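Student: Have a look; sequence and predicted model below, questions after that.
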Amino acid sequence: MKILAIVGTNAPFSFDRFLAKFIAKRYGEQADIEVKEIDQLKPFCRTDEPDDVTKKWIEDVKNADGVILATPEYDHSIPAALKSALEWLGSHAGPNVMKMKPAAVVGTSYGIQGSSRAQEDAREILLSPDMSANVLPGNEILIGGAASNFDKETGDLTNEDYIKQLDAMMANFIKFVEQANK
């Protein structure tokens, strides 16, 4: 099973990058989990053709059995870079690779709400008619206080309560992906 853990920002430093890498490390024996960056993608424009980097992005997502978006929250929504990256995958862009693709959304932020608004926006985008992704229901990972819940040396999540929540969500997501790909 191939899963992409997508870093939902183009920022050079992000606790959501730590989160995506922690997911790949902790659950790597249960699935082949690759951390995927979006920082080199060209901005989406409906009239432009994708460049080679963007074509590889589209192909990698197409070939994955499932995707996990790790999104920070910028001004109560997802980062523009993540929105643009997702636009390249929708039916309006041509490839329509997200149709019924198993997806999960996680996130962390400095504040107490753990990127809740951004995660809700990401779910709405994934469920939109242009995406039609198969989004894991009922599993929210809202890691607030990012700066105090990750080891800045290793990038590991250190809060046991959040780790337990993530363990449950990942167990559910792996079953979800298996079921969707039967």
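Tutor: It's in. Numbering: from 1, shown residues only.
Student: now the strands: where do they sit in this protein?
Tutor: With DSSP state E, the ranges of strands along the chain come out as 2-7, 32-36, 66-70, 102-108, 134-135, 141-143.
Student: list the helices and strands the longest helix along the chain packs on?
Tutor: Identified as the longest helix of the chain according to DSSP state H is helix 160-180. Applying 3 or more C-beta pairs under 8 Å, 6 or more residues apart in numbering; DSSP states H and E, one finds that helix 160-180 contacts helix 15-26, strand 66-70, strand 102-108, strand 141-143. For every residue, glycine as well, the C-beta is placed using N, CA and C.
Student: center of this structure, which residue is that?
Tutor: Centrality entry for the chain: nearest residue to the mean C-alpha point is residue 69, 0.8 Å, by C-alpha atoms, centre = their mean.
Student: Bridged to that one, which residues?
Tutor: In this entry, residue 69 is beta-bridged to residue 6, residue 105, by DSSP bridges.
Student: Contact partners for it?
Tutor: 6, 8, 82, 103-107, 122, 126 (C-beta atoms under 8 Å, 6 or more residues apart in numbering).
Student: farthest pair in these?
Tutor: Using C-beta to C-beta, the two most remote members of the contacts of residue 69 are 82 and 104, lying 14.5 Å apart.
Student: For these two, work out which one has more neighbours and name it.
Tutor: When neighbours are counted by other C-beta atoms under 10 Å, residue 82 and residue 104 differ, and residue 104 comes out ahead with 30 against 27.
Student: Could you measure from that one over to residue 47?
Tutor: Distance, residue 104 to residue 47, by C-beta to C-beta, to the nearest Å: 32 Å.
Student: and if you look at residue 5?
Tutor: Residue 5 is 31 Å from residue 47, by C-beta to C-beta.
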